[in-house]
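S.K.: Here's my sequence, what's the structure:
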Amino acid sequence: MSRPPVCSGVRAVKAFRKLGYQVDHQTGSHMILRHPGGRRLTVPNHREPAEGTLRALIREAGITKEQFAKLL
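M.R.: Numbers count the residues shown, from 1 in each chain. I've put the predicted structure just below:
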């Protein structure tokens, strides 16, 4: 299984915004994104989020790692 691309939390948010997610609010170091369809993502505002966390966010967004890499 391939690894998700390495990126910061801010870059991940920019990629998810291209899918229609918008920043709803930030609590501490976590940015809460909302999609018009009702989905929600919680992205840690870290220099490099954990690999498993990023993989879970990509899966929750309903895209593949390759699609996410293209959005970056």
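S.K.: residues in contact with stretch 26-44?
M.R.: 9, 12-13, 16-17, 19-25, 45-46, 49, 53, 57, 60-61 (Cβ atoms under 8 Å, 6 or more residues apart in numbering). To be clear about C-beta, it is placed using only N, CA and C from the backbone, and glycine gets the same treatment.
S.K.: again, only using 10 Å
M.R.: 8-10, 12-13, 15-17, 19-25, 45-46, 49-50, 53-54, 56-58, 60-62 (Cβ atoms under 10 Å, 6 or more residues apart in numbering).
S.K.: Show me where the protein has its helices.
M.R.: 9-17, 51-61, 65-71 (DSSP state H).
S.K.: Buried ones among the contacts of stretch 26-44?
M.R.: 9, 12-13, 15-16, 19, 21, 49, 53-54, 57-58, 61 (16 or more other Cβ atoms under 10 Å).
S.K.: Using CSV, lay out the residues you listed together with distance to Leu33.
M.R.: As requested, the buried ones among the contacts of stretch 26-44 are arranged in CSV below (distance: Cβ to Cβ, whole Å):
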residue, distance to Leu33
Gly9, 11
Ala12, 9
Val13, 7
Ala15, 11
Phe16, 6
Leu19, 9
Tyr21, 4
Pro49, 13
Thr53, 14
Leu54, 14
Leu57, 9
Ile58, 13
Ala61, 9
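S.K.: Would you format these as CSV with pLDDT included?
M.R.: Output for the buried ones among the contacts of stretch 26-44, formatted as CSV (pLDDT from 0 to 100):
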residue, pLDDT
Gly9, 91
Ala12, 93
Val13, 94
Ala15, 94
Phe16, 95
Leu19, 93
Tyr21, 95
Pro49, 90
Thr53, 91
Leu54, 92
Leu57, 94
Ile58, 93
Ala61, 92
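S.K.: Which single one of those residues is nearest to Leu71?
M.R.: Taking Cβ to Cβ as the measure, Leu71 sits nearest to Ala15 out of the buried ones among the contacts of stretch 26-44, at 3.9 Å.
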